[in-house]
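Peer 1: below is the sequence, then the predicted model.
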Amino acid sequence: MRVTVIGAGYVGLVTAACTAEWGHDVVCIDIDHARVEALRIGQTPIFEPGLDELVVHGLDSGRLHFASDYDAVAGSDVVFIAVGTPSEKDGQVDLSAVRAVAASLAPNLDEHTVVVVKSTVPVGTTQEIGEWLQAARPDLSIHVASNPEFLRQGAAVHDFMAPDRVVIGASDPTAEARLVDLYQSLQEAGTPVIATQIESAELAKYASNAFLAIKLSFVNEIADLSEASGANVADVTRIMGLDGRIGSSYLAAGPGFGGSCLPKDVQGLLHTSERFGAGSTIAAAALGVNDSRKHRMADKVEEAVGGPLASTTIAILGLTFKAGTDDLRHSPAIELTDSLVARGAAVRAHDPKGMPAAKSVLPPEVELCPDPMTALTGADAMVIATEWPEYAALDLTEVAALLARPVVVDLRNLLDPVAVTGAGLSYASIGRAPAT
C-alpha cells in the first residue's frame, strides 16, 4: 500500500519506519523542516532502541520518505494522523494539532483514501474529524477509522512489530477492510486484530493506560505499607504477580509514574468522564497517589542522609522517566531534583540519554556530570532515580570510596541490598527495610 504518516514524533516515526519495514511505500510528513531534513539523511530526533536502524533501512530501500508538504498525501491508501495531543491546564485534551492536520489534509484527499486517527483522542473525536472532512470535501465519500497505539517508550519498535493486539475502530466496511489488509502479516502471525466501533477503540486506549496507572499507584501504596509493617514489597509483588488474574507487569514499586502517556491519558479519561456525566474516582485517586508520592521522595533522601539537606551534595543517577528513552516529561527524577534544590542541597546529575534535554528543565544550579563517578565524588548520597542497567553494573566498592558519606538511596530497587551493604554502604530502597 501507499501509506502516509503525519507527525514524526514517537508514534508517527515508529509507525512510518515499521510500516515501511513491512514492505509498504511510506511518506512521513512533519511541519518541522529541520526535522525532516535530518530524517532524510537518517538522523532521528529521538532515542528509541532499534529505530535508527529501521529509518536507515527504510531510506536505503527506497520505501521510506520524509516531506513537509501535504501534496505528498495524494494517492495514499491510508493516512495516519499521529500528532501530539497534550493536556491543557484543566486536564482537557488539546486537539489543536489534530484539527490542523485535518484542515491541511482535506484538499489532498482522494476518493479511496482512509484517514486513520492514531493519536490518543477523547471519545467522539474521530467521528468529528470525519464529519469535518466530509463537510470540507462533499465531492468525496470520506472514510475514517481509529487505530490507537499501545507503544511503550523504550520498546516501541518491538511493540509495533509484535503487539499484544491491534485495535481497529471503524464505522464503514472500506475503512475496516483497508486496515485489516494493512495488518494482515500480524494477524497471520497470531496477533489478535479486533474490529469494533470507533468509540470503543478510542476509549480502550484511555482505559488501558488508566488501568496501568492505577496498578502502579496501588503497588506504591503497598510499598509504603511494606516499609511501615516490616514486609518486603519485592516478595509481596512476586506473590501477587503469580496470580494469573493480576499478572506481574506494572507491579514494580518506585518513585511514581511519569512520561508522556500515563499522566496525560488519565487526565484525558477524567475529562471525558466528566463530559459524559460518568464518574472515575479510581483514576482520580491514582493521580493523587502519584503526585503525592513524587513529593515524598525528597523526604526519603533526607531520612537516609539523617537530617536537613542544606549544605549536602546529592548525586542523582537517572533523569528520564524510565530507562530506554530520552524523555524527561513528567519524570519523577526531575521533580525530585527540583525538591532537593529547594531544600538547599547541591545536586549533581547524570543520565545516559537524557542529558541534552535536561539543561532546559532542571534548575540552573544543578551540575550535569559526564559520568556517574564524577557525580558521586564527594557526594553525601547516591540516589538512583531511573533504572538504567549502567547503574546496576557500578562497582560498589568504588562507589563507597568516592562518596563522602556511605549512603545509597535506591528509588528503583535496582541493586542487591546484600551487595550494597557488603561494600560498606547503608541502603534505603522502596518497600523494604533499610539495610546497613
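Peer 2: Thanks, I have the structure now.

Peer 1: just how off-centre is stretch 144-161 within its chain?
Peer 2: The chain centre lies 11 Å from the centre of stretch 144-161; the measure is C-alpha atoms, centre = their mean, to the nearest Å.

Peer 1: now do the end-to-end distance for it.
Peer 2: One end of stretch 144-161 sits 23 Å from the other (C-alpha to C-alpha, to the nearest Å).

Peer 1: list the buried residues in that stretch.
Peer 2: Buried residues in stretch 144-161, defined by neighbour count with 16 or more other C-beta atoms under 10 Å: 144-151, 153-154, 156-157, 159-161. (Each C-beta comes from the backbone N, C-alpha and C, glycine too.)

Peer 1: same thing with stretch 243-251?
Peer 2: For stretch 243-251, by 16+ other C-beta under 10 Å, it's 250-251.

Peer 1: please apply the same query to stretch 348-362.
Peer 2: 348-355, 357-358, 362.

Peer 1: mind putting the residues you listed into TSV with secondary structure, pLDDT and distance to His112?
Peer 2: As requested, the buried residues of stretch 348-362 are exported to TSV (DSSP: H, G, I helix; E, B strand; the rest coil; pLDDT from 0 to 100; distance: C-beta to C-beta, whole Å):
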residue	secondary structure	pLDDT	distance to His112
Arg348	strand	98	58
Ala349	strand	98	52
His350	strand	98	52
Asp351	coil	98	47
Pro352	coil	97	46
Lys353	coil	96	42
Gly354	coil	96	43
Met355	helix	95	47
Ala357	helix	93	41
Ala358	helix	95	46
Leu362	coil	96	50
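
Peer 1: nearest to Thr15, of the residues you listed?
Peer 2: Among those, Lys353 lies closest to Thr15 (C-beta to C-beta), at 21.7 Å.

Peer 1: which secondary structure state does the residue lying closest to that closest one once chain neighbours are set aside sit in?
Peer 2: Closest residue in space to Lys353, ignoring its immediate chain neighbours: Asp326 at 4.1 Å, by C-beta to C-beta, 6 or more residues apart in numbering. Classification of Asp326 using DSSP: H, G, I helix; E, B strand; the rest coil returns coil.

Peer 1: count of residues packed around Asp326?
Peer 2: As a burial measure, Asp326 scores 20 neighbours (other C-beta atoms under 10 Å).

Peer 1: also Leu186?
Peer 2: Residues lying near Leu186 (other C-beta under 10 Å) number 18.

Peer 1: can you name the next helix or strand after the host helix or strand of it?
Peer 2: Applying DSSP states H and E as the criterion places Leu186 in helix 184-188. Next helix or strand after helix 184-188 toward the C-terminus (DSSP H and E): strand 193-196.

Peer 1: all strands of the stretch 301-436 of the chain, in order?
Peer 2: 313-317, 346-350, 367-368, 381-384, 407-410, 426-428 (DSSP state E, counting those that start in this stretch).

Peer 1: can you redo the buried residues of stretch 348-362 as CSV with distance to Leu109?
Peer 2: Converted to CSV, the buried residues of stretch 348-362 look like this (distance: C-beta to C-beta, whole Å):
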residue, distance to Leu109
Arg348, 53
Ala349, 48
His350, 49
Asp351, 43
Pro352, 43
Lys353, 39
Gly354, 39
Met355, 43
Ala357, 36
Ala358, 42
Leu362, 44
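
Peer 1: so which of those residues comes closest to Ala393?
Peer 2: Nearest to Ala393 among the buried residues of stretch 348-362, with distances taken as C-beta to C-beta, is Pro352, at 11.7 Å.

Peer 1: show the contacting residues for that closest one.
Peer 2: 388, 390 (C-beta atoms under 8 Å, 6 or more residues apart in numbering).

Peer 1: CA atoms only for the helix holding Leu186, dumped as CSV, please.
Peer 2: Provided in CSV are the C-alpha atoms of helix 184-188 (Å, rounded to 0.1, in the frame of the first residue of the first chain):
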residue,chain,number,x,y,z
GLN,A,184,-2.5,-8.9,7.6
SER,A,185,1.0,-10.1,8.4
LEU,A,186,0.5,-9.6,12.1
GLN,A,187,-2.8,-11.4,12.0
GLU,A,188,-1.2,-14.3,10.2
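
Peer 1: what does that helix rub up against?
Peer 2: Applying C-beta under 8 Å, 6+ apart, the external contacts of helix 184-188 come out as 22, 163, 166, 180, 193.

Peer 1: top helix in the chain by residue count?
Peer 2: Ranked by number of residues, the top helix in the chain under DSSP state H is helix 198-229.

Peer 1: tell me which other helices or strands that helix touches.
Peer 2: For helix 198-229, the elements it packs on are helix 125-136, strand 143-146, strand 166-170, helix 233-241, helix 262-275, helix 281-305, judged by 3 or more C-beta pairs under 8 Å, 6 or more residues apart in numbering; DSSP states H and E.

Peer 1: same thing but at 10 Å, please
Peer 2: Packing partners of helix 198-229 (3 or more C-beta pairs under 10 Å, 6 or more residues apart in numbering; DSSP states H and E): strand 114-117, helix 125-136, strand 143-146, strand 166-170, strand 193-196, helix 233-241, helix 262-275, helix 281-305.

Peer 1: could you dump these to a markdown table with mean pLDDT and distance to Leu64?
Peer 2: Listed next are those as a markdown table, based on pLDDT from 0 to 100; distance: least, C-beta to C-beta, whole Å:
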| stretch | mean pLDDT | distance to Leu64 |
| --- | --- | --- |
| strand 114-117 | 98 | 18 |
| helix 125-136 | 96 | 26 |
| strand 143-146 | 97 | 23 |
| strand 166-170 | 98 | 21 |
| strand 193-196 | 97 | 24 |
| helix 233-241 | 97 | 39 |
| helix 262-275 | 93 | 28 |
| helix 281-305 | 95 | 38 |
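
Peer 1: out of the ones you listed, which is closest to Leu340?
Peer 2: It's helix 281-305; of these, that one is closest to Leu340 (C-beta to C-beta) at 5.7 Å.

Peer 1: ok, and for that closest one, which residues are buried?
Peer 2: Under 16+ other C-beta under 10 Å, the buried positions of helix 281-305 are 283-284, 286-287, 289-290, 293-294, 297-298, 300-302, 304-305.

Peer 1: again with stretch 306-314
Peer 2: Buried residues in stretch 306-314, counted by 16+ other C-beta under 10 Å: 309, 312-314.

Peer 1: do stretch 336-352 as well
Peer 2: By 16+ other C-beta under 10 Å, the buried positions in stretch 336-352 come out as 336-341, 343, 345-352.

Peer 1: pull the most distant pair out of those residues.
Peer 2: Across the buried residues of stretch 336-352 (C-beta to C-beta), the longest gap, 26.4 Å, separates Arg343 and Pro352.

Peer 1: so where does the residue lying farthest from the centre of the chain fall, helix or strand?
Peer 2: Of all residues in the chain, Asp139 has its C-alpha farthest from the mean position, at 39.8 Å, by C-alpha atoms, centre = their mean. Using DSSP H and E, Asp139 sits in no helix or strand.
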